[in-house]
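Student: Build me a model from this:
(one chain, ligands or ions: 2)
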Amino acid sequence: MRIVLFFCIVLFAPQLFLMCGEKARSHQRIVYQGPPIRTLEKRADMVLNVGKVGLNRRQLILGFRFIESKTKECVNFYTVHESRIPCLIERSELFHGFLLRSIQSKEAFIGRGCFKKVSKVILYGPQPKVLAECSAPLDEKHEIDILEQIRGGEGIVPYYGAVFRERKILSYYEYFPQGSIGSLFARNKPLDLLQTVKIFHDIAKGVRVLHEKGLVHRDLHEANVLVDITSQRCIGALIDFGFTVLAENANDGTVQGAVYRCPPEPLVDDLATIDRYAVDVYALGTLLYQAVWGKMVSWAGVYDIHVLHKYPLSERKELYERIVSLYEASLEQDVGTAIQKSQSGYPLTNLEKIQLLIYQMLDVVPERRPSIAKVSSVLEVILESMPEDEQNVESALSP
Ligand SMILES: Nc1ncnc2c1ncn2[C@@H]1O[C@H](COP(=O)(O)OP(=O)(O)O)[C@@H](O)[C@H]1O
Ligand SMILES: [Mg+2]
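Tutor: Numbers count the residues shown, from 1 in each chain. Ligands and ions are numbered 1, 2, ... in the order given. Down below sits the predicted model:
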């Protein structure tokens, strides 16, 4: 009898122990499904295929073992920070940590564009942090190639790496909790002048990184500029390089993704010869206009670049003329006084300097628009002349 009892305990104790563990975990609503050790080698190869991780295969495998042994700590971290989200631990493919991915949770959802779905994940490592994970179809791989070229550039969203999984590309970025400048515009949260200059100085630097490599963004709009405005910092970062190409290869019909931010020249010029850098400068100008005046330029959306082929030539000319006259009327109204002041040698305020810069960026003649290097240096000079103690970063955006 005793022997039977002994065997029962030996056989069933582990199951009992596991059941209690499960109960405790389900109470916390945490589900752990750690990857089995035997897949480590496969994953190491996968990471090496993905690219520059700075570790060799052996180091990677050792790294994975270490990470797996840290699973419990990781779950605890998750419990403290995101306790209401059931999670799945996965993707230790990334060398410097592994990712906790929330599943079926609205709370993990960050945003969605035309191509990608963006969710929160946690990167576990010495200093765990939340990252943004973009999930895109495989044919968006092109964007990853661009990101590899511009990684670490000023004004570009910090990019951690990408993996290919289940016919999807998952790429990882610094998470910006306040989201895009578009969400500020939508909530009618005005930026003060210093915030505007700081954010657009960053974004101009980001666009400059592209232009200096011969690349054009082609989709500069409010949802593709991230902001982070706290009492400690005020920064902007450029995202979404799905339309980015070498300027010399930009002859595929795509001029600018956002209709409202497309310049007028495609109406009258040959698409093959359009200056694509000047298109980016114009699109950025429309964003800066919106940040300063709190509205879109008056001629926005007069035509739709995506259906350009549908306009007969005579109508194109008419639309172009309409844009020119709206631009001129607006110029007179918005910066007429500043132009007169500068012509008579009066010093301009910083606001007036920015307003003049915006109208140069929006010029209907692309050759007259400043280069992005010029835009960025003008903003830099203005920024340097603005005393930090006049900062009021908390006022506009603190929740
Ligand atoms: N790193 C991030 N932090 C916070 N929000 C982000 C981040 N990356 C993207 N988003 C949000 O997700 C949206 C879609 O991302 P995006 O890369 O522009 O995808 P798409 O190519 O589909 O437009 C963005 O407009 C932004 O609101
Ligand atoms: Mg986008």
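
Student: check contacts around whichever residue of the stretch 51-200 of the chain sits closest to ligand 1.
Tutor: Per CB to the nearest ligand atom, residue 113 is where the stretch 51-200 of the chain lies closest to ligand 1, at 1.9 Å. For the C-beta atoms, the positions are set from N, CA and C on the backbone; glycine is no exception. By CB atoms under 8 Å, 6 or more residues apart in numbering, the residues touching residue 113 are 223, 240.

Student: Can you pull the phi and psi angles for it?
Tutor: The phi/psi pair for residue 113 (degrees, to the nearest 10) reads phi -110, psi -160.

Student: Let's see the pLDDT reported for it.
Tutor: Looking at residue 113, its pLDDT reads 87.

Student: Name the SS class of residue 142, please.
Tutor: helix (DSSP: H, G, I helix; E, B strand; the rest coil).

Student: Quick check: residue 272 touching residue 250?
Tutor: No - in this structure residue 272 lies outside contact range of residue 250 using CB atoms under 8 Å: 9.6 Å.

Student: what about the two, which has more around it?
Tutor: residue 250 (21 against 7; other CB atoms under 10 Å).

Student: Ligand 1 versus the more buried one, what's the distance?
Tutor: Computed as CB to the nearest ligand atom, to the nearest Å, the residue 250 to ligand 1 distance reads 18 Å.

Student: And that residue, how far from residue 268?
Tutor: Plainly put, residue 250 is 18 Å away from residue 268 if you go by CB to CB, to the nearest Å.

Student: can you check residue 206 too?
Tutor: Applying CB to CB to residue 206 and residue 268 gives a distance of 30 Å.

Student: Compare these two (neighbour count), which wins?
Tutor: Neighbours were counted for residue 206 and for residue 268 using other CB under 10 Å; residue 206 has more, 26 against 13.

Student: Helix or strand: which one has the more buried one?
Tutor: Secondary structure from DSSP states H and E places residue 206 in helix 193-212.

Student: for that helix, packing partners?
Tutor: Packed against helix 193-212 by the contact rule (3 or more CB pairs under 8 Å, 6 or more residues apart in numbering; DSSP states H and E) you find strand 225-229, strand 234-238, helix 276-293, helix 350-361, helix 372-384, helix 393-397.

Student: Residue 196: which of the ones you listed is closest?
Tutor: Closest to residue 196 of the helices and strands packed on helix 193-212, according to CB to CB: helix 276-293, at 4.9 Å.

Student: any bit of the closest one sitting next to ligand 2?
Tutor: No - Helix 276-293 lies apart from ligand 2 when judged by CB under 5 Å from the ion; the minimum separation is 12.9 Å.

Student: shouldn't residue 274 be in contact with residue 256?
Tutor: No - Residue 274 is not in contact with residue 256 according to CB under 8 Å; the separation is 10.2 Å.

Student: which of the two has more neighbours?
Tutor: Between residue 274 and residue 256, counted using other CB under 10 Å, residue 256 has the larger neighbour count: 25 against 18.

Student: quick one: contacts for the more buried one?
Tutor: 218-220, 262-263, 279, 283, 305.

Student: tell me the mean pLDDT for stretch 358-365?
Tutor: 98.

Student: List the contacts of it.
Tutor: Against stretch 358-365 from outside (CB under 8 Å, 6+ apart): 263-265, 281-282, 284-286, 288-289, 292, 297, 323-324, 327, 331, 334-335, 368-370, 375.

Student: Distance to residue 196 and mean neighbour count for the helices and strands packed on helix 193-212 - can I get that in JSON lines?
Tutor: Formatted as JSON lines, the helices and strands packed on helix 193-212 follow (distance: least, CB to CB, whole Å; neighbours: other CB atoms under 10 Å):
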{"stretch": "strand 225-229", "distance to residue 196": "11", "mean neighbour count": "24"}
{"stretch": "strand 234-238", "distance to residue 196": "10", "mean neighbour count": "23"}
{"stretch": "helix 276-293", "distance to residue 196": "5", "mean neighbour count": "23"}
{"stretch": "helix 350-361", "distance to residue 196": "7", "mean neighbour count": "19"}
{"stretch": "helix 372-384", "distance to residue 196": "9", "mean neighbour count": "18"}
{"stretch": "helix 393-397", "distance to residue 196": "10", "mean neighbour count": "15"}
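
Student: For ligand 1, which of these is the nearest?
Tutor: strand 225-229 (5.5 Å).

Student: and residue 154, that one's in a helix?
Tutor: No - per three-state DSSP, residue 154 lies outside any helix segment and is coil.
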